[in-house]
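**Q** have a look at this prediction, sequence included:
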Amino acid sequence: MSSPQQPPTPLSMALVEIERHVDAAGWDRPPQLFALVETVELLNREPVLAERVGLAAEEVPPGLYTPVEQEALPEGPLDEALGHIMWPDGVVGCALVHEVLVLPPQAEADRPELADPEEYAHKHPDRREVRLAVAVLVDGESASAVRLRSDSDTADELLLGSDLAPNLTEALRATLR
């Protein structure tokens, strides 16, 4: 028996939009960071943008978010880069899209104690490449999505969840404090 599908939230809709934007550029990309701003506030603060897209703030339902792609993160460990992020006023959340390798649970359990985890994962025959997308809001709400890289030309399925990457979710929340 499958669980009923949860209706999309404004945060999950923004995350899907972000992941599709990143997916259009293909695989083998560095991590990408996005600020989330309330769409109504953005249109009120940027009347030229509102005119260009043909929307007035009063036409937009409240509670929707607009992603704003940020400059590339610096080279080096992701946790260090995130530790230096400070958001300006008006940013109500953020999202990160990051490609990672995942191993089945047994492969992780079989990893030799002295083996370098990254090298072990890269060489393991059962590794899977995934694109992980996580979004958080200042109020604590989060959304996450995973896309498995496929060997075929067919579209890969995007799997949604509220907390598919708890460590990354917490790291992003820390940038909002």
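**A** The structure has been received and is ready for your questions. Note that this is a predicted model, so its numbers are computed, not measured.
**Q** drop to CA atoms for contacts and neighbour counts, all remaining ones
**A** OK.
**Q** so what strands line up beside the strand ranked longest in the chain?
**A** Looking across the chain with DSSP state E, the single longest strand is strand 91-102. Strand 91-102 sits in its sheet next to strand 32-38 (antiparallel), strand 128-137 (antiparallel), going by DSSP bridges.
**Q** buried residues in the longest helix anywhere in the chain?
**A** In terms of residue count, the longest helix belonging to the chain (DSSP state H) is helix 10-24. Across helix 10-24, burial judged by 16 or more other Cα atoms under 10 Å covers 11-12, 14-16, 18-19, 22.
**Q** just stretch 91-104 next, same as before
**A** 91-99, 102-103.
**Q** in a markdown table, list those residues along with distance to L158 and pLDDT.
**A** Below are these laid out as a markdown table (distance: Cα to Cα, whole Å; pLDDT from 0 to 100):
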| residue | distance to L158 | pLDDT |
| --- | --- | --- |
| V91 | 26 | 97 |
| V92 | 25 | 97 |
| G93 | 21 | 98 |
| C94 | 19 | 98 |
| A95 | 16 | 98 |
| L96 | 15 | 98 |
| V97 | 13 | 97 |
| H98 | 14 | 95 |
| E99 | 14 | 93 |
| V102 | 16 | 78 |
| L103 | 18 | 71 |
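**Q** next, the distance between the ends of stretch 69-80.
**A** End-to-end distance for stretch 69-80, by Cα to Cα, to the nearest Å: 19 Å.
**Q** over to stretch 23-43?
**A** Stretch 23-43 end-to-end distance (Cα to Cα) = 26 Å.
**Q** how about that stretch: buried residues?
**A** 31-43.
**Q** roughly how far does the residue nearest to V91 when sequence neighbours are not counted sit from E157?
**A** Leaving aside its sequence neighbours, V91 sits nearest to V37 (Cα to Cα, 6 or more residues apart in numbering; 5.0 Å). Separation of V37 from E157 (Cα to Cα): 27 Å.
**Q** what do you get for R177?
**A** For R177, the distance to E157 - Cα to Cα - is 33 Å.
**Q** of these two, who's got more company?
**A** Using other Cα atoms under 10 Å as the criterion, R177 and E157 rank with E157 on top: 11 against 8.
**Q** ok, that one touching S150?
**A** No - under the criterion of Cα atoms under 8 Å, E157 makes no contact with S150, lying 9.2 Å away.
**Q** what sits against the residue nearest to V91?
**A** 65-68, 90-93 (Cα atoms under 8 Å, 6 or more residues apart in numbering).
**Q** how does it look with 10 Å?
**A** Contact partners of V37, counting by Cα atoms under 10 Å, 6 or more residues apart in numbering, are 63-68, 89-94, 137.
**Q** many thanks, have a good one.
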